[in-house]
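K.L.:
sequence first, then the predicted structure, then my questions.
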Amino acid sequence: MEYVDPVWYNIKNMVKLTRYLQSSDARKLTREIAIKIVHLKGWSIKVEKAVDLFLEEWIKTAQSFVDEVYSDLEDEIKEHAYKFPLIVWPKRSYMSFEGRKMNERVLDFLRKIPGIRKYFIPREITDPVPKIIIPGVDYSAESLVFTRSLLSRTCAFDKARLEWMHRDARADYAKDVVCFGCEDFETLAKAWFYGEVDSWHAYIEALSTLVEEALHHMVDHIVWISRYGVDDSKEHYWMNAYGDFPEKVYDAIEKHSEKYMRIIRRKML
């Protein structure tokens with residue numbers, strides 16, 4: 001079943017979608033940066049055009065960061081994929097050491113049975129970067145996708161049908177689409193353009209949010225059956241609290257974080 005028209009994979013259309021869905025605070029910061037770009041470049045273009053150019057560069061930068069982190073972690077992610085929990089495995093069990101080890105033993109056994117073994121071997125990750133990243137948007141990606149709003153080829157769908165992210169969520173992912181929340185968008189926008197951060201920790205956390213949503217996207221690749229509509233706490237546990245994998249992810253994020261400071265400013269000015 002199709003949920004997203006491929007027209008939205010085009011980055012200029014992604015920018016239109018962003019402008020349609022952005023929160024008021026994100027829109028205000030985006031415009032502030034666009035005015036700064038026009039002033040510094042001495043362009044005789046409208047601020048609205050500079051807004052589009054900045055958002056396009058932000059999305060490209062986010063995609064580039066994910067791609068670089070994945071390049072460092074490709075082998076680790078492929079190895080860790082073999083430990084992804086069975087959909088039917090009890091959550092409480094998976095979140096204990098013995099339960100996780102039992103889950104791995106069951107998976108090893110199933111992978112030895114002819115006829116069904118291939119369904120328990122992770123599929124290849126063919127594209128680690130989410131196809132659609134919408135920055136500064138606090139709507140739920142799941143509601144955007146599963147209301148089939150993105151089957152519209154224009155920004156004519158009704159935003160009143162969409163839900164907000166859960167209160168503690170910083171971003172949301174569903175079916176190739178990342179809605180990247182306002183707070184972390186602002187953190188990365190200021191870091192990537194002005195080179196300013198409230199704290200280095202907040203900057204790393206925002207980058208971690210971006211990579212975590214990309215990992216959700218990679219799970220779409222590695223699993224054979226849909227895990228939408230089920231409790232995703234096991235998936236979060238697999239990413240964030242299982243062995244040394246979270247530490248390796250953090251190290252890769254930190255490795256690339258410094259060179260991305262002011263990167264959009266360098267590219268655009």
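P.N.:
Great, that's in hand.
K.L.:
buried ones in stretch 148-166, by neighbour count?
P.N.:
For stretch 148-166, the neighbour count (16 or more other CB atoms under 10 Å) marks 149-150, 157, 162, 165 as buried. Yep, even glycine has a C-beta here, placed from its N, CA and C like the rest.
K.L.:
chain center to it: distance?
P.N.:
In terms of CA atoms, centre = their mean, to the nearest Å, the centre of stretch 148-166 is found 18 Å from the chain centre.
K.L.:
now it: average pLDDT?
P.N.:
When pLDDT is averaged over stretch 148-166, the result is 95.
K.L.:
for stretch 104-123, same thing?
P.N.:
Mean pLDDT, stretch 104-123: 95.
K.L.:
end-to-end on it?
P.N.:
Using CA to CA, to the nearest Å, the end-to-end distance of stretch 104-123 comes out at 17 Å.
K.L.:
what's the offset of that stretch from the middle of its chain?
P.N.:
How far stretch 104-123 lies from its chain's middle: 28 Å, per CA atoms, centre = their mean.
K.L.:
try stretch 169-180
P.N.:
6 Å.
K.L.:
contacts for it, please.
P.N.:
By CB atoms under 8 Å, 6 or more residues apart in numbering, the residues outside stretch 169-180 that reach it are 3-4, 21, 62, 130-142, 144-146, 150, 165, 181, 183-184, 206, 209-210, 212-214, 216-217, 220, 228.
K.L.:
likewise stretch 187-207?
P.N.:
Contacts with stretch 187-207, where a contact means CB under 8 Å, 6+ apart, come from 29-30, 33, 36, 54, 58, 61-62, 65, 135-136, 170, 183-184, 210, 250, 253-254, 257, 260-265.
K.L.:
now stretch 93-101
P.N.:
Under the criterion CB under 8 Å, 6+ apart, residues 83, 85, 89-90, 92, 102-103, 233-234, 237, 242 lie in contact with stretch 93-101.
K.L.:
which PyMOL command selects the buried ones in those residues?
P.N.:
Per 16+ other CB under 10 Å, the buried members of the contacts of stretch 93-101 correspond to this PyMOL selection:
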select buried, resi 83+85+89+103+234+242
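K.L.:
thinking again about what came up before, show me the contacts of stretch 187-207 that map onto helices.
P.N.:
Among the contacts of stretch 187-207, the ones falling in helices (DSSP state H) are 29-30, 33, 36, 54, 58, 61-62, 65, 183-184, 210, 250, 253-254, 257, 263-265.
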